[in-house]
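> Any chance you can model this:
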Amino acid sequence: MPKLLLVEDDMQLARNLIRFLSSEQYQVTHAAGQTDALTTFQKEHFDCALLDISLPDGNGFAVCSAIRSQSDTPVIFLTASADEANTVAGFEVGADDYISKPFRPRELLARIRNALRRSQRSTSVLSCQNICLDQSKGVVTKNGSELFLSALEYRLLLVFLTNKEQLLTRDRLIDELWSVSSEYVSDNTLNVYMKRLREKIEDDPQNPRIIRTVRGLGYKAVEA
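Numbering: from 1, shown residues only. As a prediction, the model looks like this:
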């Protein structure tokens with residue numbers, strides 16, 4: 001489950017975002033100010049940081065600078081300060097994205113996913129059990145032998161390997177496939193591609209060991 005650091009002093013907005021993002025399978029840690037944010041970031045690893053600019057004891061620019069000095073964790077500014085100067089300043093201190101309040105929750109979700117995806121691309125080779133996916137070459141192998149996947153099969157496997165050990169709902173997988181397909185992706189379409197992918201990567205597709213079904217919830221790629 002991806003871990004997010006939310007730095008926001010508006011407590012009502014923070015509660016709403018925590019509730020929404022938690023329902024989308026994100027683990028959210030909240031900090032209400034600059035000092036709290038910096039202390040929290042020092043103690044824990046986060047996959048992405050969501051920062052307000054105006055904070056009661058400082059600002060999001062300082063938090064972003066501190067994060068960027070220590071890691072490549074993606075940073076997204078959430079702010080009512082949508083003027084050009086603030087936007088430029090945000091990018092200059094290392095922000096990956098910028099979204100102005102008020103924003104639609106689904107838009108924020110898409111931006112988080114894009115930031116995580118870009119971050120994960122820095123790791124070129126992904127693996128799970130005997131399956132290896134080399135993003136720089138676009139090659140998938142099983143026990144060292146190349147597998148030939150369609151574009152959507154490759155995309156589906158990439159989503160699983162970049163979210164290893166995390167529950168992925170059917171809706172999330174449909175959204176991911178739809179984002180790279182020029183055609184509508186239905187629930188039945190997902191069934192077809194899951195079946196095809198398992199036939200290629202699993203030793204026994206009827207009893208999958210790499211991509212497991214979590215009954216009533218979705219799927220999960222596991223190491224063992």
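> alpha carbons only for contacts and neighbour counts from here, please
Noted.
> Domain map for the chain?
3-120, 125-221 (automatic domain parsing).
> looking at the protein, which helix or strand is least sure?
Ranked by mean pLDDT, DSSP states H and E, the weakest helix or strand in the chain is helix 84-92, scoring a mean of 76.
> So which elements touch it?
Using 3 or more CA pairs under 8 Å, 6 or more residues apart in numbering; DSSP states H and E, the elements in contact with helix 84-92 are strand 97-100.
> one step back: now the domains of the chain in CSV, with mean neighbour count?
Converted to CSV, those look like this (neighbours: other CA atoms under 10 Å):
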stretch, mean neighbour count
domain 3-120, 17
domain 125-221, 16
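> Okay, strands next: where are they in the chain?
In the chain, the strands defined using DSSP state E lie at 3-7, 27-31, 48-51, 54-55, 58-59, 75-79, 97-100, 125-128, 131-134, 139-142, 145-147, 168-169, 211-214, 218-221.
> Distance to residue 117 and mean pLDDT added to those strands, as TSV?
Listed next are those as TSV, based on distance: least, CA to CA, whole Å; pLDDT from 0 to 100:
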stretch	distance to residue 117	mean pLDDT
strand 3-7	14	94
strand 27-31	17	94
strand 48-51	11	94
strand 54-55	27	90
strand 58-59	27	90
strand 75-79	13	89
strand 97-100	13	88
strand 125-128	13	86
strand 131-134	15	91
strand 139-142	18	92
strand 145-147	23	93
strand 168-169	15	91
strand 211-214	20	95
strand 218-221	17	94
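> can you list the ones you listed in a markdown table and add distance to residue 115?
A markdown table is the format used below for the strands of the chain (distance: least, CA to CA, whole Å):
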| stretch | distance to residue 115 |
| --- | --- |
| strand 3-7 | 12 |
| strand 27-31 | 16 |
| strand 48-51 | 8 |
| strand 54-55 | 22 |
| strand 58-59 | 22 |
| strand 75-79 | 8 |
| strand 97-100 | 8 |
| strand 125-128 | 18 |
| strand 131-134 | 20 |
| strand 139-142 | 23 |
| strand 145-147 | 28 |
| strand 168-169 | 18 |
| strand 211-214 | 24 |
| strand 218-221 | 21 |
